[in-house]
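*Asks:* Structure of the sequence below:
(chains A and B)
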Amino acid sequence: MWYIFLFLVAGVFVGFLFRRKENLLLIATKTTTLAVIVLIFFLGVSVGDNRAVMSMLGTLGWQALVFSFGSIFGSILLSGAVYLLFFRGIHEK
Amino acid sequence: MKNSLIIILVFIAGVLLGTQHLLSDFLARVDMILYALYGLLFLVGIDIGSNPSAWLTIKKLNLKIVLVPVSIALGSLLGAAMVSPFFANVSWGDGFAIGAGFGYYSLSSIIITQIKGDALGVIALLANLSREIFTLLFASLLARFLGKLAPIAAGGATAMDTTLPVIARFSGKDYAIIAFFSGIVLTVLVPFLVPLFLSLG
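*Replies:* The predicted model follows:
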């Protein structure tokens, strides 16, 4: 797991050092998009190949929806409190 | 919406190929996905480090605005942790990790799959992807009935790019700036928080 932070922090340093090299950064952005698509594809392959996961795909999808609603609801609730306390009336025009 | 459709299609194409079990040996033998994840994290880091607006917003820190991503992050984590006891296959730490995706479905699901396996990765992918789709579809209702911050909260990390247009339209221009700031903060937090919560259990 430490490798995850290592690569991430190394990237932040390199990105900061090269922050004015726009051509290089454009390449990095395009490579990121490509890497995401390739990784999501192999995530799919790995899921499709995994018989145990495939047999419970419906359950996992349903659980995902519950998690989605849980986190959306929680974040709307807490940010709603922040809105009522600090924002209402200030940004309204 | 276009991007989430592409991701869904690519994922489904992968699943279909996977069910043919043509690449089973390849998947077992090659740790390619792990190396690709390290590469992706390096690139994500470059994106964060080189982003002038990320550094500028940090310089202009305003406590009131900082409360927006902080409350969204906490609410998201607590909301996900509250539903995880209903599922025997998801520990509370795993629930936190799914919530810590903040809608950044690609990175969070890839990290979770690599550390905790396919099943949890699928939940993380679909949970965070549906968060983005939900925001795109319901931003107008959220802004009208639950306050101007509600679409920003629902969008989470995506409020800086994919859901920013609908937020700007329904919450207004003033809130678009807050949405962008909140989205950046949450996006930067994802690669740090997700592995952290996974390691907790």
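
*Asks:* now the helices: where do they sit in chain B?
*Replies:* B:2-19, B:24-29, B:32-50, B:52-59, B:63-83, B:92-99, B:105-116, B:118-146, B:150-155, B:164-171, B:173-200 (DSSP state H).

*Asks:* Which of those helices comes out lowest on mean pLDDT?
*Replies:* Mean pLDDT is lowest for helix B:52-59 out of these, coming in at a mean of 66.

*Asks:* what would the helices of chain B look like in JSON lines with distance to chain A?
*Replies:* In short, each C-beta sits where N, CA and C put it, glycine included. Formatted as JSON lines, the helices of chain B follow (distance: least, Cβ to the nearest Cβ, whole Å):
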{"stretch": "helix B:2-19", "distance to chain A": "2"}
{"stretch": "helix B:24-29", "distance to chain A": "5"}
{"stretch": "helix B:32-50", "distance to chain A": "2"}
{"stretch": "helix B:52-59", "distance to chain A": "7"}
{"stretch": "helix B:63-83", "distance to chain A": "2"}
{"stretch": "helix B:92-99", "distance to chain A": "4"}
{"stretch": "helix B:105-116", "distance to chain A": "4"}
{"stretch": "helix B:118-146", "distance to chain A": "3"}
{"stretch": "helix B:150-155", "distance to chain A": "4"}
{"stretch": "helix B:164-171", "distance to chain A": "9"}
{"stretch": "helix B:173-200", "distance to chain A": "5"}
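
*Asks:* With residue A:17 as the reference, name the closest of the ones you listed.
*Replies:* helix B:32-50 (7.8 Å; Cβ to Cβ).

*Asks:* returning to that earlier point: for the helices of chain B, which one ends up most surrounded?
*Replies:* Stretch with highest mean neighbour count among the helices of chain B: helix B:150-155 (a mean of 31; mean count of other Cβ atoms under 10 Å in any protein chain shown).

*Asks:* elements contacting that one?
*Replies:* helix A:57-82, helix B:63-83, helix B:118-146, helix B:164-171, helix B:173-200 (3 or more Cβ pairs under 8 Å, 6 or more residues apart in numbering or on different chains; DSSP states H and E).

*Asks:* Mind checking these for the one nearest to residue A:20?
*Replies:* Nearest to residue A:20, of all the helices and strands packed on helix B:150-155, is helix B:173-200, at 19.6 Å by Cβ to Cβ.

*Asks:* Taking the centroid of chain B, which residue is nearest it?
*Replies:* Nearest to the geometric centre of chain B sits residue B:104, at 2.0 Å (Cα atoms, centre = their mean).

*Asks:* Can you tell me the closest non-neighbouring residue to that residue?
*Replies:* In space, and not counting its chain neighbours, residue B:104 is closest to residue B:157: 4.1 Å by Cβ to Cβ, 6 or more residues apart in numbering or on different chains.

*Asks:* thinking again about what came up before, what's the closest of the helices and strands packed on helix B:150-155 to residue A:13?
*Replies:* Going by Cβ to Cβ, the one of the helices and strands packed on helix B:150-155 nearest residue A:13 is helix B:173-200, 14.4 Å.

*Asks:* ok, now how distant is the residue nearest to the centre of chain B from chain A?
*Replies:* 11 Å (Cβ to the nearest Cβ, to the nearest Å).

*Asks:* re the thing from before, now render the helices of chain B as CSV, adding distance to residue A:63.
*Replies:* Listed next are these as CSV, based on distance: least, Cβ to Cβ, whole Å:
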stretch, distance to residue A:63
helix B:2-19, 17
helix B:24-29, 24
helix B:32-50, 23
helix B:52-59, 33
helix B:63-83, 8
helix B:92-99, 9
helix B:105-116, 13
helix B:118-146, 5
helix B:150-155, 19
helix B:164-171, 27
helix B:173-200, 17
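
*Asks:* Which one of those lies nearest to residue A:64?
*Replies:* helix B:118-146 (3.5 Å).

*Asks:* Any figure for the gap between the residue nearest the centre of chain A and residue B:26?
*Replies:* The centroid of chain A falls nearest to residue A:36 when counting by Cα atoms, centre = their mean (10.8 Å). Using Cβ to Cβ, to the nearest Å, residue A:36 is found at 20 Å from residue B:26.

*Asks:* now do residue A:78
*Replies:* 44 Å.

*Asks:* Perfect, I'm done here.
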